[in-house]
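**Q** What follows is a predicted structure for the sequence shown.
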Amino acid sequence: DAGVIQSPRHEVTEMGQEVTLRCKPISGHNSLFWYRQTMMRGLELLIYFNNNVPIDDSGMPEDRFSAKMPNASFSTLKIQPSEPRDSAVYFCASRGGGYNEQFFGPGTRLTVL
Amino acid sequence: DAKTTQPTSMDCAEGRAANLPCNHSTISGNEYVYWYRQIHSQGPQYIIHGLKNNETNEMASLIITEDRKSSTLILPHATLRDTAVYYCIVSNRGTGTASKLTFGTGTRLQVTL
């Protein structure tokens, strides 16, 4: 298996633009997580899905952020409009078993100018 | 999730055992101890987890005290590739709506020649 796949790996955009980050979880995994990592705040959970259903979105910073999981093999995290303070590395992770062993993707480094 | 306390940083000589401590004095009976690590610029990587018994896998050993208020992750023969930030996390088993990981600041392990 190729592991968790994220795209793009790097994104540079201007303030006000829409940004869409994509994630393909490991096949057969039924939970998917979106995290954000910054120097100031560390690694934060934004939202997670079980069987494609959003379970906990309490970490989503504000209405500019939205996440979807239309099927078991694809999820998106959208920021609209983007702001410089959204600059961070965004990680996607998936989990398949009955324990909290999560497999992380390589991350998307987002820079908002 | 219960909180954990880890030293900010540690050094270890290559080839020696690295012993990373973690305090989790408020852990509850159904919570597990998970260890992850994050090598620079990569996504976090699962290492090991345990409930109350000591555990060992190909990467590390986990020693949990009898009262479960603290644990130690042991890398038996540290190499330069083990240089990373190590996170000790207390979480439930991994099922249900509360099954998420809360990452703290971790321990930065530097392995030196």
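**A** Happy to help now that I have it.
**Q** Can you check the pLDDT for residue B:2?
**A** Among the per-residue scores, residue B:2 holds a pLDDT of 58.
**Q** and what of residue B:96?
**A** 58.
**Q** Just say helix, strand or coil for the residue nearest to the spatial centre of chain B.
**A** When C-alpha atoms, centre = their mean is applied to chain B, the residue found nearest the centroid is residue B:35 (3.1 Å). Following DSSP: H, G, I helix; E, B strand; the rest coil, the label given to residue B:35 is strand.
**Q** now chain A, which segments are flagged as low pLDDT?
**A** A:1 (pLDDT under 70).
**Q** Strands of that one, start to end?
**A** A:5-7, A:10-13, A:19-24, A:31-38, A:42-50, A:53-56, A:65-71, A:74-79, A:88-95, A:103-104, A:108-112 (DSSP state E).
**Q** Residue B:55 is in contact with the residue nearest to the centre of chain B, correct?
**A** No - counting by C-beta atoms under 8 Å, residue B:35 stays clear of residue B:55, with 9.8 Å between them. The way it works is simple: take the backbone N, C-alpha and C, and place the C-beta from them, glycine included.
**Q** Can you pull the residues that touch both of the two?
**A** Residues touching both residue B:35 and residue B:55 (C-beta atoms under 8 Å, 6 or more residues apart in numbering or on different chains) are B:48, B:49, B:62.
**Q** Near chain A, which residues of chain B? Just list them.
**A** B:32, B:34, B:38, B:42-46, B:49, B:89, B:91-95, B:97, B:99-105 (C-beta under 8 Å from any C-beta of the partner chain).
**Q** Filter the residues you listed down to just the buried residues.
**A** Buried subset of the residues of chain B next to chain A (neighbour count, 16 or more other C-beta atoms under 10 Å in any protein chain shown): B:32, B:34, B:38, B:43-44, B:46, B:49, B:89, B:91-94, B:99-104.
**Q** quick revisit: could you export the shared contacts of residue B:35 and residue B:55 as JSON lines, including secondary structure?
**A** Shown next, in JSON lines, are those (three-state DSSP):
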{"residue": "B:48", "secondary structure": "strand"}
{"residue": "B:49", "secondary structure": "strand"}
{"residue": "B:62", "secondary structure": "strand"}
